[in-house]
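> Next one to model:
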Amino acid sequence: MPIIPNELKMSRIYNAPRPLVWKVWTDPEHLKQWWGPFGPEHTSCMMDFRVGGEFRVLMKTPEGEVVPAAGEFLEIVEPERIVYEGDTRAPTACGCGLPPRARVTVLFDALMKTKTQLTIETRFPDEAALHAANAAGFSTSWNKTLDEIGPYLEKLAEEI
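You can find the predicted model right below:
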């Protein structure tokens, strides 16, 4: 597969079945538990989960600043893939995990009944947008978030 200079990919394997990983990404009550670095008490999520629907995640920093991530769902193939695009009005290059005009594809691959590989492919409008997002903490924050979602998924998987 060719390397695309304005695309970034991240992947993790979780000890959780694909339907559960899908639910954690598509249910606002679950999503606010893991999205972003500030914790669920500082995160809210509104979601119209349908093609053409929008979502908005609001995070409050420890200093009290509210930072939004907003986008539109372009494609939903349950339980395999979600494609969304970042709001062009995002106030920063990172957009709290969803850079402006970046197209994100989230892939959910069942490895076994109890394991799921999650891959996030983010295509930026150009290389400059990718570099600006990373300078604002995009890769660092998402990698940390993807590491931390594992224990949350494992706890939920134990409960079912």
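
> what residue ranges in this structure score low on pLDDT?
In the prediction, the chain carries residues with pLDDT under 70 at positions 1-2, 40, 90-97.

> So in it, which strand runs the longest?
In the chain, assigned by DSSP state E, the strand with the most residues is strand 66-77.

> how about the strands in the chain?
Using DSSP E, strands in the chain cover 7-14, 43-47, 54-60, 66-77, 81-86, 103-112, 115-123.

> buried residues in the longest helix along the chain?
Longest helix in the chain, counting residues (DSSP state H): helix 138-159. For helix 138-159, the neighbour count (16 or more other Cβ atoms under 10 Å) marks Phe138, Ser139, Ser141, Trp142, Thr145, Leu146, Ile149, Gly150, Tyr152, Leu153, Leu156, Ala157 as buried. In short, each C-beta sits where N, CA and C put it, glycine included.

> Mean neighbour count added to the strands of the chain, as CSV?
Below are the strands of the chain laid out as CSV (neighbours: other Cβ atoms under 10 Å):
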stretch, mean neighbour count
strand 7-14, 16
strand 43-47, 17
strand 54-60, 18
strand 66-77, 17
strand 81-86, 20
strand 103-112, 16
strand 115-123, 19
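
> so His42 makes contact with Met59?
Yes. The pair His42 / Met59 is scored as a contact, 5.9 Å apart, by Cβ atoms under 8 Å.

> Common neighbours of these two, please.
Gly36 (Cβ atoms under 8 Å, 6 or more residues apart in numbering).

> hang on, the earlier thing: the longest strand of the chain pairs with which strands, and in what direction?
strand 54-60 (antiparallel), strand 81-86 (antiparallel) (DSSP bridges).

> Thank you, goodbye.
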